[in-house]
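Visitor: Got a predicted model here, sequence first, then my questions.
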There are 4 protein chains.
Amino acid sequence: MCILVILLYKNMSDLSTRELILKVAKDEFLAKGFRDASLRNISSEVGVAVSNIYNHFKNKDDLFRELVRPLLELWDSYMESHFSSEEAELFADTDYEKYKQLMQKSLIFLVKEYPQELKLLLLYSSGSSLEYFMEEYIDKMCMRSFKWFQDFKEKYPDANIDISPFMIRFQSSLLPSLLKNILIDNSLTEADLMKIFDEYVLFTMAGWKSLMAIR
Amino acid sequence: MCILVILLYKNMSDLSTRELILKVAKDEFLAKGFRDASLRNISSEVGVAVSNIYNHFKNKDDLFRELVRPLLELWDSYMESHFSSEEAELFADTDYEKYKQLMQKSLIFLVKEYPQELKLLLLYSSGSSLEYFMEEYIDKMCMRSFKWFQDFKEKYPDANIDISPFMIRFQSSLLPSLLKNILIDNSLTEADLMKIFDEYVLFTMAGWKSLMAIR
Amino acid sequence: MCILVILLYKNMSDLSTRELILKVAKDEFLAKGFRDASLRNISSEVGVAVSNIYNHFKNKDDLFRELVRPLLELWDSYMESHFSSEEAELFADTDYEKYKQLMQKSLIFLVKEYPQELKLLLLYSSGSSLEYFMEEYIDKMCMRSFKWFQDFKEKYPDANIDISPFMIRFQSSLLPSLLKNILIDNSLTEADLMKIFDEYVLFTMAGWKSLMAIR
Amino acid sequence: MCILVILLYKNMSDLSTRELILKVAKDEFLAKGFRDASLRNISSEVGVAVSNIYNHFKNKDDLFRELVRPLLELWDSYMESHFSSEEAELFADTDYEKYKQLMQKSLIFLVKEYPQELKLLLLYSSGSSLEYFMEEYIDKMCMRSFKWFQDFKEKYPDANIDISPFMIRFQSSLLPSLLKNILIDNSLTEADLMKIFDEYVLFTMAGWKSLMAIR
DNA sequence: CATGAATGAGAATTCATTCAT
DNA sequence: AATGAATGAATTCTCATTCAT
């Protein structure tokens, strides 16, 4: 038998282990994606035991969700306000420009404030429980679009709304797709983003008007 | 010199093991994607030893590429004829409609003839050596688009070609993206596809014309 | 700031798994050599899962190096003191006998203290990252010998130093070769070793003097 | 059912498959050693099926022995003439020089005529049934040396033959060791070899005389 | 909060060899 | 003499997770 006495001075002003794990895990997930990220790597980089991660998080998936949670919450609040607002006047009205600017502001805020979280969610979540997050969002957007079309038709009976459901779904996937492309491109300034959204809106508006035979 | 005469009787009614492996592997890859597909599963489903797969294919990646090879060959031949054709008259000319129909026919043929192979290539290749096949294609398309824009500007000096490179890239990714969406949707008839391509072309044409301030 | 006081009671009577693995691995490596040794065998003999070895060592090579580490450290320290000492007076001086005794003592200590580790390093390392350890040592010795010959020639201009580089290299390999033979022979007492080294030095000295035409 | 008729014209003037296998196998064994050489590689390089190797050779080991057989036969004949010859007069007699020249000629012939086979046997046989060929040879040489010492003592009672058995064994291993070093070095000309053997004999003779306290 | 030890399942891949044709 | 199909055993290694301390 022997007795070891160890004295450890620990600086408590450092990041807590939990936060350190989150920080390192974020890098690992961003570098390899959820599936190929390894808890071993993360823990060894943090300098703690693998099992310690399980004292802070239920499992790998839970750790991933934690990283993305603030974004998810914001996203949900956006969705809520978005869905509840009245937008049927979209095309016709004068406040359309205002709507565009609002959307622009929201998206740029997201991209500038949560670039890594967005990447995790949109590009690196394969294998996690959030793998189909965007698909679910697109589903919702689709259904909403259908409703919107009906409303629009009531107001403007001349418009053509004989558009294939597939195309509506495809169009619903455009914005997420744009977002993904923006996230992949690391060189974009805020001015670039403004221009891109301008172009995007111009492009899709023209497209839709053409499809719906408006004017 | 000598002459050997070999007579081979081959029973065409039962699949050879090689073909069986390919068949089963295709299902496995489609179900789980390249990365998560397991050679163990495949071999056990075929009813042979795992190592036997290696008598027929160099490795997992080789097996995957074999499944997708006919598609790749067709794709390459398309690309070649596509790139060599003169398309700068795209917008203005009368044979534009012809061009559209050609493209439509090609794509519908691909989707109808190689639905699974396309899925493998576009949706389930992550982890394989073909993971970035589509990105490489988009790269090529991008460079081609830049050139096209310059040619176009020469012919029509009034056109606006001050379009962000990002948007050009994004647009180049639209067709692959459309394709992916089509592959995911299993319910589409040939007529649906015709309509979808019509809408797609209508939509994007209007969008581009708007962006380039033509007419 | 905080102070942690940790008391560790450790029962020294039973080997930790780590140490057990090392012990069993040593036997396995000695019995089959690095390449043919199997982690399976080792783990099953220890009575743990194969993967557990990887909790204690990075990989097979790391496990092997761990076994041989104390020897390597000693070897390096020997080399350092060896290389720094002045030995150009080797033949002529009175302290040559002292030098011989020092070398004798060092080698006998190695052989008696690290017989297994030496075997691992010299006889059973093929396939590991230490496969060429001895070749590298011989290389160093060679270059050192060349320098020694030049120094010697300056002091004793009459000596013949027209000796083929190959022979110098061969002679540099003699000591390692002797060591290998000693390790293979398990019956040698310390007295035997003394005699062997005496004979070895007598033999090679006479050989060199003859080659260099001294006296 | 279907019937395939294949006509194969085969040029019989080529190397027979058997010889081709031997040729390619030699390269593979020389490149990777017996253990790491792969029949797959060999057969694929030859352009035949793996199993075909088994139509010509019993197994991997048999194939290896076949490559080395001519050398083994020569070696055995050397040994026989070597062992039967009277060499006790080695040191004292005038025909010692003749003996040296004979040995030199033999060895140089071997090295020049069977360089690859010697490499296979001395350096790359680990894992095969010939792994311990050289050890067995050294054993024989050892026993022979013992006998030689006794004969010598009878003729020259003043000579010291109190030499440790280990040293005799070690010295017996010198020549094989020299041979190995020669094989490893690819830059040696025949003149080099002459010089090396001269030096080697000079060196060892002086060594032995010193050990045995002759003159 | 932190540890280290342990697990079990699973991965791809390589290999020499066999056998019927 | 040559084939191709098939085998089974073996290899190292990675992973997320558990648990008692």
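Guide: Thanks, I have it.

Visitor: CA atoms for contacts and neighbours, from now on please.
Guide: Noted.

Visitor: Of all the residues in the lengthiest helix in chain A, which ones are buried?
Guide: Ranked by number of residues, the top helix in chain A under DSSP state H is helix A:60-84. Neighbour counts over helix A:60-84 (16 or more other C-alpha atoms under 10 Å in any protein chain shown) mark A:60-61, A:63-65, A:67-68, A:71-72 as buried.

Visitor: ok, of those, which one's closest to D:Val24?
Guide: Closest approach between the buried residues of helix A:60-84 and D:Val24, by C-alpha to C-alpha: A:Lys60, at 51.2 Å.

Visitor: ok, and the closest non-adjacent residue to the closest one?
Guide: A:Leu39 (7.4 Å; C-alpha to C-alpha, 6 or more residues apart in numbering or on different chains).

Visitor: check contacts around that neighbour.
Guide: A:25, A:50, A:60 (C-alpha atoms under 8 Å, 6 or more residues apart in numbering or on different chains).

Visitor: tell me what the helix or strand where the first one lies is packed against?
Guide: When secondary structure is defined using DSSP states H and E, the element that contains A:Ala25 is helix A:17-36. On a contact count with 3 or more C-alpha pairs under 8 Å, 6 or more residues apart in numbering or on different chains; DSSP states H and E, helix A:17-36 meets helix A:39-46, helix A:50-56, helix A:60-84, helix A:115-123.

Visitor: I'd like the average pLDDT over that helix.
Guide: Averaging pLDDT along helix A:17-36 yields 96.

Visitor: just stretch A:72-84 next, same as before
Guide: 80.

Visitor: Likewise for stretch A:158-177?
Guide: Computed over stretch A:158-177, the average pLDDT equals 90.

Visitor: ok, residues contacting it?
Guide: A:134, A:138-139, A:141-142, A:145-146, A:149, A:153, A:211-214, B:178, B:181, B:192, B:195-196, B:199-200.

Visitor: So for that stretch, first residue to last residue, what's the gap.
Guide: Chord length of stretch A:158-177, first to last residue, is 31 Å (C-alpha to C-alpha, to the nearest Å).

Visitor: Any buried residues in it, and which?
Guide: Within stretch A:158-177, the residues that qualify as buried are A:159, A:166-174, A:176-177, counting by 16+ other C-alpha under 10 Å.

Visitor: Which of the buried residues of helix A:60-84 sits closest to D:Ser125?
Guide: Relative to D:Ser125, and with distances defined as C-alpha to C-alpha, the nearest of the buried residues of helix A:60-84 is A:Lys60, at 49.6 Å.

Visitor: ok, the residue nearest the centre of chain A - contacts?
Guide: With distances taken as C-alpha atoms, centre = their mean, A:Leu118 lies nearest the centre of chain A, 4.3 Å away. By C-alpha under 8 Å, 6+ apart, the contact set of A:Leu118 is A:68, A:71, A:110-111, A:183.

Visitor: same question, A:Leu121
Guide: Applying C-alpha under 8 Å, 6+ apart, the residues near A:Leu121 are A:68, A:130-131, A:133.

Visitor: Burial check on A:Lys98, number of neighbours?
Guide: Counted with other C-alpha atoms under 10 Å in any protein chain shown, the neighbours of A:Lys98 add up to 12.

Visitor: helix or strand for it, which one?
Guide: A:Lys98 belongs to helix A:96-113, assigned by DSSP H and E.

Visitor: Render the CA-only coordinates of that helix in PDB, please.
Guide: Only the C-alpha atoms of helix A:96-113 are listed here, as PDB (Å, rounded to 0.1, in the frame of the first residue of the first chain):
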ATOM      1  CA  TYR A  96     -43.600  44.300 -50.600                       C
ATOM      2  CA  GLU A  97     -40.300  46.100 -50.600                       C
ATOM      3  CA  LYS A  98     -40.600  46.300 -46.800                       C
ATOM      4  CA  TYR A  99     -41.200  42.600 -46.700                       C
ATOM      5  CA  LYS A 100     -38.100  41.900 -48.700                       C
ATOM      6  CA  GLN A 101     -36.000  44.100 -46.500                       C
ATOM      7  CA  LEU A 102     -37.300  42.400 -43.500                       C
ATOM      8  CA  MET A 103     -36.400  39.000 -44.900                       C
ATOM      9  CA  GLN A 104     -33.000  40.200 -46.000                       C
ATOM     10  CA  LYS A 105     -32.300  41.600 -42.500                       C
ATOM     11  CA  SER A 106     -33.400  38.300 -40.900                       C
ATOM     12  CA  LEU A 107     -31.300  36.100 -43.100                       C
ATOM     13  CA  ILE A 108     -28.200  38.300 -42.900                       C
ATOM     14  CA  PHE A 109     -28.500  38.400 -39.200                       C
ATOM     15  CA  LEU A 110     -28.700  34.600 -39.100                       C
ATOM     16  CA  VAL A 111     -25.700  34.200 -41.400                       C
ATOM     17  CA  LYS A 112     -23.600  36.700 -39.600                       C
ATOM     18  CA  GLU A 113     -24.700  35.700 -36.000                       C
END
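
Visitor: Pull out the buried positions in it.
Guide: Here helix A:96-113 shows A:104, A:107-108, A:110-111 as buried, counting by 16+ other C-alpha under 10 Å.

Visitor: quick one: which of those is nearest to DNA strand E?
Guide: Relative to DNA strand E, the closest of the buried residues of helix A:96-113 is A:Leu110; by C-alpha to the nearest atom of the strand it sits at 30.2 Å.

Visitor: can you tell me how far that closest one sits from DNA strand F?
Guide: As for A:Leu110, its distance to DNA strand F is 28 Å (criterion: C-alpha to the nearest atom of the strand, to the nearest Å).
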